[in-house]
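**Student:** Sequence first, then the predicted structure:
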Amino acid sequence: MISDILALAKPGSLLLTGIIAPQIIRIAKILDLSGIVIVRGKEPMEETIAKAKEERVPLLGTKFLLFDACGKLYEKGLRGT
């Protein structure tokens, strides 16, 4: 949920989410996140892609479920907050 992101994310964090709407880019800018990974193979809306380019927010995607994507990043040494 967006309220959880606003309450818990720290600057520099990488956000893994299933949210594909443009507001996720605005949130990334407000919180100074390092980037966004959209999970479950979801395709971001065209407006989201355009906003990410405009705001220079790295926007990535994966077919992995959120749990699996987090686990793979953890295996590679990336730790959460």
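**Tutor:** Nice, thanks for sending it over. For clarity, every value in this text was computed on a predicted model and none was experimentally measured.
**Student:** Quickly find the element holding the residue nearest the centre of the chain.
**Tutor:** Centre of the chain computed as the mean C-alpha position; nearest residue by CA atoms, centre = their mean is I36, 2.5 Å away. Using DSSP states H and E, I36 falls within strand 35-38.
**Student:** Which strands or helices does that strand pack on?
**Tutor:** strand 14-17, helix 23-31, strand 59-61 (3 or more CB pairs under 8 Å, 6 or more residues apart in numbering; DSSP states H and E). The C-beta positions use only the backbone N, C-alpha and C, and glycine is treated the same way.
**Student:** taking the mean pLDDT, what do you get for it?
**Tutor:** Strand 35-38 shows a mean pLDDT of 98.
**Student:** Any chance you could list what contacts it?
**Tutor:** Identification of contacts with strand 35-38 by CB atoms under 8 Å, 6 or more residues apart in numbering yields 14-20, 24-25, 28, 44, 52, 57-62, 69.
**Student:** Of those, keep whichever come out buried.
**Tutor:** 14-17, 19-20, 24-25, 28, 44, 52, 57, 59, 62, 69 (16 or more other CB atoms under 10 Å).
**Student:** These: which two are farthest apart?
**Tutor:** Comparing all pairs in the buried ones among the contacts of strand 35-38 by CB to CB, the longest separation belongs to I25 and A69, at 19.1 Å.
**Student:** residues of the helix or strand bottoming out on mean pLDDT in the chain that come out buried?
**Tutor:** In the chain, no helix or strand scores lower on mean pLDDT, DSSP states H and E than helix 2-8, which sits at a mean of 80. Under the neighbour-count criterion of 16+ other CB under 10 Å, helix 2-8 has I5 buried.
**Student:** quick one: contacts of that helix?
**Tutor:** So helix 2-8 is contacted by 15, 17, 19, 23-24, 27, 30-31, 81 (CB under 8 Å, 6+ apart).
**Student:** from those residues, which is closest to E75?
**Tutor:** Of these, the one sitting nearest to E75 (CB to CB) turns out to be T81, at 17.7 Å.
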